[in-house]
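1. Need a 3D model of the sequence below.
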Amino acid sequence: MGTNGDIVKGIYAAFARGDVPAVLGTFDGGIVWNEAEGYRFAAGNPYVGANAILQNVFMPLVMLVDGFTVTPSNVIDGGDHVAVEGRYTGTVQATGARLDAQFVHVYELRGGKIVTFQQYTDTAQWTRALGD
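-> Numbering: from 1, shown residues only. I've put the predicted structure just below:
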């Protein structure tokens, strides 16, 4: 199975391939997902379960941002908790604004499944790029 850090690295590789079912397959059935405060998608926090995340976060993002990528630069494996530093990139369709925003994702895993997720990102850049 590998370490929790390996599981989390696999999420980014699957997302880069467009393999959303593989990403969702790493989620515990009761996963609790929180978007960064002040971010467009935070209004629904917390999202509970894979379908809520798919419908309210993943699908809107790929519809709003052309060429959306989530690129990790550093994975910090703390056992049950894994933190990932990286960047979001893409072009916002509605505004034409180029996005290059820093993020940190914090995961908690149990039994090889993601049980919680917390996002931190440059919400000011997102707000400007989305025209909010």
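
2. contacts and neighbour counts: CA atoms only from here.
-> OK.

3. close enough to count as contact, Ala83 and Phe103?
-> No - counting by C-alpha atoms under 8 Å, Ala83 does not reach Phe103; the two are 10.3 Å apart.

4. Tell me where this structure has strands.
-> Assigned by DSSP state E, the chain shows strands spanning 27-34, 47-48, 65-78, 81-92, 98-110, 113-121.

5. by contact count, what packs against the longest helix seen in the chain?
-> Longest helix of the chain, by residue count under DSSP state H: helix 4-17. With contacts taken as 3 or more C-alpha pairs under 8 Å, 6 or more residues apart in numbering; DSSP states H and E, helix 4-17 sits against helix 20-24, strand 65-78, strand 81-92.

6. repeat that for 10 Å
-> Counting contacts by 3 or more C-alpha pairs under 10 Å, 6 or more residues apart in numbering; DSSP states H and E, helix 4-17 is packed against helix 20-24, strand 65-78, strand 81-92, strand 98-110, strand 113-121.

7. okay, these in a markdown table with mean neighbour count and distance to Asn51 next?
-> A markdown table is the format used below for those (neighbours: other C-alpha atoms under 10 Å; distance: least, C-alpha to C-alpha, whole Å):
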| stretch | mean neighbour count | distance to Asn51 |
| --- | --- | --- |
| helix 20-24 | 16 | 9 |
| strand 65-78 | 16 | 20 |
| strand 81-92 | 19 | 22 |
| strand 98-110 | 19 | 18 |
| strand 113-121 | 20 | 14 |
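
8. Number of residues surrounding Asp28?
-> For Asp28, the count of nearby residues is 19 (other C-alpha atoms under 10 Å).

9. does it really touch Tyr107, like I thought?
-> No - contact criterion C-alpha atoms under 10 Å: Asp28 and Tyr107 do not qualify, at 11.7 Å.

10. Tell me, what's the model's pLDDT at Met1?
-> Met1 carries a pLDDT score of 59 in this model.

11. Tell me how far the residue lying closest to Ala42 once chain neighbours are set aside lies from His105.
-> The shortest distance from Ala42 to any non-neighbouring residue, by C-alpha to C-alpha, 6 or more residues apart in numbering, is to Glu35 (4.9 Å). Applying C-alpha to C-alpha, to the nearest Å, the value for Glu35 to His105 is 9 Å.
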